[in-house]
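Trainee: sequence unavailable; structure follows:
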């Protein structure tokens, strides 16, 4: 199989033309330009080099791809993930999965509980997350992010923060064999 990045035009020439010195020299001269063009084309591949994006590039790409929620003050890693997932977000917008994916990128782990799972009103839902910052500093950002991807008819009832801690578990017991007589 021929690799387009490393192929030589000289190797592709048929034998009668390869033996012509002028044609061989022209093919070798063009090889340098074709390989340079191939390297430049590889640089155009956008999402494959997302780890190289700067803040300014991420802001421009966010303008182009329009992720459902974007804040220029976010950390660069979160900006990159939002831009990379912009198209899947738009495909699945309005679903519980889209809300969970956006929460995972911005705030850590989170889950959506629909109204029938907790006995709420129809078309309502609540979010359960393990990020304690949601209630303190970033509550408005959290609500804006959820509003960006939820169904328009859906209503966010509450945000529940769950925290799991590793606690030591001790248990004890005793066994007494004997007779106790009270007089």
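Mentor: Ah, there it is. It should be emphasised that the depicted structure is a prediction, and the values quoted were computed from it without experimental measurement. Numbering: from 1, shown residues only.

Trainee: show me the domain layout of this protein.
Mentor: Domain assignment of the chain by automatic domain parsing yields the ranges 9-44, 53-161.

Trainee: looking at those, spot the one closest to residue 2.
Mentor: Taking Cβ to Cβ as the measure, the domains of the chain were each checked against residue 2, and domain 9-44 came out nearest at 8.1 Å. Heads up, the C-betas are built off the backbone N, CA and C, glycines and all.

Trainee: just to revisit the earlier point, please produce JSON lines containing the domains of the chain, extended by mean neighbour count, mean pLDDT and distance to residue 2.
Mentor: Written out in JSON lines, the entries for the domains of the chain read as follows (neighbours: other Cβ atoms under 10 Å; pLDDT from 0 to 100; distance: least, Cβ to Cβ, whole Å):
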{"stretch": "domain 9-44", "mean neighbour count": "12", "mean pLDDT": "87", "distance to residue 2": "8"}
{"stretch": "domain 53-161", "mean neighbour count": "16", "mean pLDDT": "89", "distance to residue 2": "31"}
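
Trainee: possible to save those as JSON lines with distance to residue 167?
Mentor: Below are those laid out as JSON lines (distance: least, Cβ to Cβ, whole Å):
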{"stretch": "domain 9-44", "distance to residue 167": "53"}
{"stretch": "domain 53-161", "distance to residue 167": "16"}
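
Trainee: looking at those, spot the one closest to residue 173.
Mentor: For these, the distance to residue 173 is smallest for domain 53-161, at 34.2 Å, taking Cβ to Cβ.

Trainee: among the domains of the chain, which comes closest to residue 171?
Mentor: Go through those one by one with Cβ to Cβ and the one that ends up closest to residue 171 is domain 53-161, at 27.3 Å.

Trainee: and the closest one, end to end?
Mentor: The straight-line separation of the ends of domain 53-161 (Cα to Cα, to the nearest Å) is 33 Å.

Trainee: quick one: the helices in this structure?
Mentor: If you assign secondary structure with DSSP state H, the helices in the chain sit at 9-12, 15-18, 21-44, 55-65, 76-84, 86-91, 96-107, 115-118, 139-149.

Trainee: distance check, the residue nearest in space to the middle of the chain against residue 170.
Mentor: The central residue of the chain, meaning the one whose C-alpha is nearest the mean C-alpha position (Cα atoms, centre = their mean), is residue 81 at 4.2 Å. Taking Cβ to Cβ, to the nearest Å as the criterion, residue 81 is separated from residue 170 by 42 Å.

Trainee: same question for residue 46.
Mentor: 56 Å.

Trainee: great, nothing more from me.
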